[in-house]
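Participant: sequence and computational prediction follow.
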Amino acid sequence: MANMAKLLELNQYLIREKFLKIFGNKFRIMDSDDNLYGFCEQKRLRIKEDIRLYDDESKNNEWLVIKQKNFVDAWGGFDIFDPKEGVLLGTVRRKWLKSLFRTKWQILNPEGQDIGMLIEDSLGYAIARRTFLGILPKKFTLHTIGNDRPITMRQKFNPIIKKLIVNIPTDHSFDRRFIAGLAMVIAALDGRGQ
């Protein structure tokens, strides 16, 4: 079974940025026992973001693609594709004006319909992060249509290496490929320009 298929069965995983990187950001997706389930590469000096997820660092099996829609991500967001099936899974778009004090990401299905929102944990902590405690880790909650229990994405405190823990309730019906793509957007791009 490919690592991607195994990852989609996990209810919790960690996205961890590699420490030494020269040509761009690299992330490893691991379980709590440090087993590798995915590898992501984000190249530097791109006009528009183009992020690829693979089974491992050999990059032989690409299973998710995240592409920035416009030159300025505030205007279009990021499309998440399954390259094997050749389908758009959906779009995540930062709500710029609504994110001045508390980050909000809108979740859209392939037809462009609103199906959820990823929201930073609390207004108080969000303001503290933006004013004087920028090192406080963020926690996001993903609420989606048709699911009572939210998915959470929590940054671990580490000023040098980005780490994001993803928690998915058992039997959650939201597409886990989309969750992985959304988590990569948060791990690689959230906070950019703040």
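Facilitator: Yep, that arrived.
Participant: so Q42 touches N25, yeah?
Facilitator: Yes - look at Q42 against N25 with C-beta atoms under 8 Å: they come within range, at 4.2 Å. All C-beta atoms are positioned from the backbone trio N, CA, C, and that covers glycine.
Participant: who's more crowded, these two?
Facilitator: Taking neighbours as other C-beta atoms under 10 Å, Q42 and N25 compare with Q42 leading, 21 against 17.
Participant: what residues does the more buried one make contact with?
Facilitator: Applying C-beta atoms under 8 Å, 6 or more residues apart in numbering to Q42 gives the contacts 24-27, 49, 51, 188.
Participant: wait, which of the residues you listed is closest to A2?
Facilitator: F27 (18.0 Å; C-beta to C-beta).
Participant: host element of that closest one?
Facilitator: Assigned by DSSP states H and E, F27 belongs to strand 24-30.
Participant: could you name the helices and strands sitting against that strand?
Facilitator: When contacts are defined as 3 or more C-beta pairs under 8 Å, 6 or more residues apart in numbering; DSSP states H and E, strand 24-30 packs onto strand 12-17, strand 36-43, helix 176-189.
Participant: pairing partners for it, with directions?
Facilitator: Take DSSP bridges as the rule and strand 24-30 pairs in its sheet with strand 12-17 (antiparallel), strand 36-43 (antiparallel).
Participant: to I161, which of these lies closest?
Facilitator: strand 12-17 (5.1 Å).
Participant: next, the angle from the closest one to helix 176-189.
Facilitator: 30 degrees (axes from the mean of the first three to the mean of the last three C-alpha atoms, to 10 degrees).
Participant: who touches strand 12-17?
Facilitator: With C-beta under 8 Å, 6+ apart, strand 12-17 has contacts from 7, 25-32, 37, 40, 161-168, 183-184, 187.
Participant: go on, stretch 149-161?
Facilitator: Contact with stretch 149-161 is made by 16-19, 118, 135-144, 162-169, 172, 174, 179, 182-183, 186, as judged by C-beta under 8 Å, 6+ apart.
Participant: mind checking which of those are buried?
Facilitator: Buried by 16 or more other C-beta atoms under 10 Å: 16-17, 118, 137-138, 140, 142, 144, 162-166, 168, 172, 174, 179, 182-183, 186, out of the contacts of stretch 149-161.
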